[in-house]
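In: structure of the sequence below:
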Amino acid sequence: MSEERKLSDSDHRRLGQELDLFIFSDLVGSGLPLWTPRGTVLRQELDDFVQEMRDEHGYLPVTIPHITKKELYQKSGHWTKFSDDLFHIKSREGHEFAMKPMNCPHHAQIYASRPRSYRELPIRYRETTTNYRDEQTGELNGILRTRSFTQDDAHVFCREEQVVEEFLKIWTMVEKFYKTFEYSLKLRFSTRDEKTPEAYAGEPEQWDKAETELKEALTRHGVTNLEEGVGDAAFYGPKLDFLATDSLGREWQVATIQIDFAQPKGMELAYTKDDGKSERPVMIHHAIMGSIERFLAVYIEHTSGKFPVWLAPEQVRVVTLNNEAPILKLAKDVVKKARDLGLRAELDDSNESVSKKIHDSETMKIPYTLVIGEKELKSGQVEPRSRTDIKKLPVTKIDDFLSQVAAQAADRT
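Out: Coordinates of the predicted model:
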């Protein structure tokens, strides 16, 4: 198959429509995706995975508004850097607001809401929330590049001596997440370009310190081979970018971890040390998926929409051979049992032929399809039809089959 054909068959924009995951509406506007129930399952399952890992490391959920006064971004430094990319709002009282394009200044305000002691640090906030950027129409591309996007965002506020340890904990989560999706990761160490100091916030000494901290984390993790990204740093600090190669051979930046000494200074963040003196915390930014939309655009094309059992919006479809009362009752019972086990199961008892029902299930790339007819009614056994990329299961009792699929879902396989 030609590369062009592979790309066409895997195009996330086409598959998103065919698999009923997301839509776009001219009335809503370009670059503003609307997620269907099936697509929302994908988003929720992914986010649940990320937040489970973060909860194990003591992250606390926070919630922020989607607009802010421009003064917040002026203080954080984002207004100067990103003013042209913001959606601007003017209130009827003449105040200027913006739709938030990022979350760190808001999270910093929660940190700054009361005095902090060195004993409290590290403080770890997490929030999955939608951001907005005024992308030009020609730059929009399905859900790969949008005007509204959802970040699985998190910020750690810690003492300088805690930076490497916190950085490595985040790194461990990133590796676990992408290993689940069978991505191999490359690393890029993104630093400032010393020839253009005006492009970055903070003092050179702060940057030197942050880059040293990152290098120590790389050394402790045993990394010797990585790509250098001079000039690719965020404007407030160096970062480690994770690069994944998809099944079509394309390389994508996915997760990122950023060290920030500049924003705590600009936002006047502080904590009290054990000697009673005031000290600035270090801020670590990270998003494991980057944005859910971008991650899914890449992953849909990576898998051609064939999601693993745990992630599939519909894991089991039960189809009836006919609609005789005993067959229909058994089919409904199977669906109920599946749902009681936490599986996402649906019943197709339409008047279509069984071959058409099976074809429809295959078109939607559902992992398992069960046909319920006289044979299944008498034997209490089923012969599951597995998606072509999934190992075929033998004829088995209905309860045993459902238990096997539930175990696959629980293990994220």
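In: where in the stretch 251-400 of the chain is pLDDT low?
Out: Within the stretch 251-400 of the chain, not a single segment meets pLDDT under 70.
In: can I get stretch 170-183 as PDB, trimmed to CA atoms?
Out: Once non-C-alpha atoms are left out, stretch 170-183 reads as follows in PDB (Å, rounded to 0.1, in the frame of the first residue of the first chain):
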ATOM      1  CA  ILE A 170       6.800  13.000  36.400                       C
ATOM      2  CA  TRP A 171       9.200  11.200  33.900                       C
ATOM      3  CA  THR A 172       8.100   7.800  35.300                       C
ATOM      4  CA  MET A 173       4.500   8.700  34.700                       C
ATOM      5  CA  VAL A 174       5.200   9.800  31.100                       C
ATOM      6  CA  GLU A 175       7.000   6.500  30.400                       C
ATOM      7  CA  LYS A 176       4.300   4.400  31.900                       C
ATOM      8  CA  PHE A 177       1.600   6.200  29.900                       C
ATOM      9  CA  TYR A 178       3.300   5.900  26.500                       C
ATOM     10  CA  LYS A 179       4.400   2.300  27.100                       C
ATOM     11  CA  THR A 180       0.700   1.400  27.500                       C
ATOM     12  CA  PHE A 181       0.200   2.700  23.900                       C
ATOM     13  CA  GLU A 182       3.300   0.900  22.600                       C
ATOM     14  CA  TYR A 183       5.100   4.100  21.700                       C
END
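In: without its sequence neighbours, what residue ends up closest to Thr137?
Out: Distance criterion CB to CB, 6 or more residues apart in numbering; nearest residue to Thr137, sequence neighbours excluded, is Ser30 at 5.8 Å. C-beta coordinates here come from the backbone N, C-alpha and C atoms, glycine included.
In: all helices of this structure, in order?
Out: 3-10, 12-18, 37-56, 70-76, 78-82, 104-111, 163-180, 204-220, 262-266, 292-303, 325-340, 354-363, 374-379, 398-410 (DSSP state H).
In: mind listing what's buried in the fifth one?
Out: Read it as helix 78-82. Of all the residues in helix 78-82, those buried under the rule 16 or more other CB atoms under 10 Å are 78-79, 81-82.
In: try the fourth one
Out: Neighbour-count burial for helix 70-76, with 16+ other CB under 10 Å as criterion, is recorded at 70, 72-73, 75-76.
In: any idea of the pLDDT on the residue lying closest to Thr130 once chain neighbours are set aside?
Out: What sits nearest to Thr130 in space, not counting adjacent residues and going by CB to CB, 6+ apart, is Thr150, at 4.9 Å. Looking at Thr150, its pLDDT is 97.
In: again, but for Met1
Out: Met1 carries a pLDDT value of 50.
In: how does the chain divide into domains?
Out: Domain assignment of the chain by automatic domain parsing yields the ranges 3-303, 316-410.
In: list the contacts for Arg43?
Out: Each residue near Arg43 by CB atoms under 8 Å, 6 or more residues apart in numbering is listed here: 35, 150, 292, 296.
In: out of the residues you listed, who's the most crowded?
Out: Leu296 (25 neighbours; other CB atoms under 10 Å).
In: isn't that residue right up against Arg13?
Out: No. Using CB atoms under 8 Å, Leu296 makes no contact with Arg13, being 11.7 Å away.
In: joint contacts of the two?
Out: Ile143.
In: tell me how many other residues surround the nearest residue to His285 once chain neighbours are set aside.
Out: Excluding the flanking residues, the one nearest His285 by CB to CB, 6+ apart is Gln258, at 4.2 Å. Neighbour count of Gln258, defined by other CB under 10 Å: 24.
In: repeat for the one 10 residues further on
Out: Glu268: 10 surrounding residues under other CB under 10 Å.
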